[in-house]
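Peer 1: how would this look folded up:
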Amino acid sequence: EPMIMSTVTTSIDSRGVATLTLDRPEKHNALDGATMGEMYEALTKLGTDPQARVVVLTGAGASFCAGADIGHMRSMMNFTEEQNVADAQVLARLLRKLDEFKLPIIARVNGNTFGGGVGLVACADIAIGAASAKFALTEVRLGIVPAAISPYVVDAIGSRQARRLFLTAAPFTAAEAQSLGLLHFTAAAEQLDQLVNEQIDHLLRGGPQAVRAAKQLVKRVSHFHDRDVLGDETARLLARLRVSPEGKEGLSAFLERRKANWVPQE
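Peer 2: Numbering: from 1, shown residues only. As a prediction, this is how the structure comes out:
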């Protein structure tokens, strides 16, 4: 049953692939308070759905996400600094939810992506963009900075590239976004779904618990540098997964040359 909201739509198929669509095409899927709130709510619901295994995040219409809604920003000019802090925290909360979401997330970047939209892409595990899409971190041209998205964007593209793009607000192409590491793949618009489906197939062949654990593992390892502690932690993680029902099924399926029980039937 699709969950109908005014700015975000969610659907889930029989394989457990959930599609979360930013649905304000007339506003280029810009992020205002309502949209961010609904997206957070949609993710919270998906996080408790036992059927869900993969999330695809995309935009309706020509754009993926144009960043902060200008009308929303204009209205915030007349609010106090404290009220603006609370407003900025809504985006920070949403990005953290996306980044730490237990299921794998694929960003299907169907079109132009600016400001906060770049942050959404940076929080996805796999990012696939339409070759025609344009990107920019335009904040300094409005006299502000890409604050909430900065940890995720810097993580995705590195501080050297972030310096240039944060400071210049220069536009960049999908091909450049791929070379920066913001996108993993680019494709002509009509090939976008084929690429997305290839990645979904890869994800569905992995053990669901293992895929989640792999996502957490990367996060833990990339922000933690004590090799002794990590060596012990990673050994325990591997041991725990090996003796789990999923680990035993995965190895048995491999040895018996059959598909594991979590792989969708053709």
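Peer 1: all helices of the stretch 101-250 of the chain, in order?
Peer 2: 116-123, 150-157, 159-168, 174-180, 192-205, 208-222, 227-243, 245-255 (DSSP state H, counting those that start in this stretch).
Peer 1: Including distance to Arg108, could those go into TSV?
Peer 2: Where you see a C-beta, it was placed from the backbone N, CA and C, and this is true even at glycine. As requested, these are exported to TSV (distance: least, CB to CB, whole Å):
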stretch	distance to Arg108
helix 116-123	10
helix 150-157	17
helix 159-168	22
helix 174-180	13
helix 192-205	5
helix 208-222	18
helix 227-243	29
helix 245-255	28
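Peer 1: Please work out which of those is packed deepest.
Peer 2: helix 116-123 (a mean of 26; mean count of other CB atoms under 10 Å).
Peer 1: and that helix with helix 159-168, angle?
Peer 2: 170 degrees (axes from the mean of the first three to the mean of the last three CA atoms, to 10 degrees).
Peer 1: from the middle of its chain, how far away would helix 116-123 be?
Peer 2: Offset of helix 116-123 from its chain centre (CA atoms, centre = their mean, to the nearest Å): 7 Å.
Peer 1: what comes into contact with that helix?
Peer 2: 29, 31, 57, 64-68, 91, 95, 98-99, 105, 107, 109, 113, 127, 129, 135-137, 146, 148-149, 152-153, 155-157, 182-183 (CB atoms under 8 Å, 6 or more residues apart in numbering).
Peer 1: mean confidence score for it?
Peer 2: What helix 116-123 shows for mean pLDDT is 98.
Peer 1: returning to what we had before: among the contacts of helix 116-123, which ones are buried?
Peer 2: Among the contacts of helix 116-123, those classed as buried by 16 or more other CB atoms under 10 Å are 29, 31, 57, 64-68, 91, 95, 98-99, 105, 107, 109, 113, 127, 129, 135-137, 146, 148-149, 152-153, 155-157, 182-183.
Peer 1: and the residue lying closest to Thr173 once chain neighbours are set aside, how many neighbours?
Peer 2: Among residues not flanking Thr173 along the chain, Lys134 sits closest, at 6.6 Å (CB to CB, 6 or more residues apart in numbering). Around Lys134 sit 16 other residues, with neighbours defined as other CB atoms under 10 Å.
Peer 1: Now for Lys134: which residues touch it?
Peer 2: Contacts of Lys134 were listed using CB under 8 Å, 6+ apart, and they are Asn112, Thr113, Pro171, Phe172, Thr173, Ala174.
Peer 1: Tell me the one of the residues you listed nearest Thr35?
Peer 2: Thr113 (14.8 Å; CB to CB).
Peer 1: beta partners of the closest one?
Peer 2: Going by DSSP bridges, Thr113 is paired in beta bridges with Cys65, Phe135.
Peer 1: measure it to Leu238 for me?
Peer 2: For Thr113, the distance to Leu238 equals 37 Å [CB to CB, to the nearest Å].
Peer 1: and what of Lys97?
Peer 2: From Lys97 over to Leu238 (counting by CB to CB), the distance is 28 Å.
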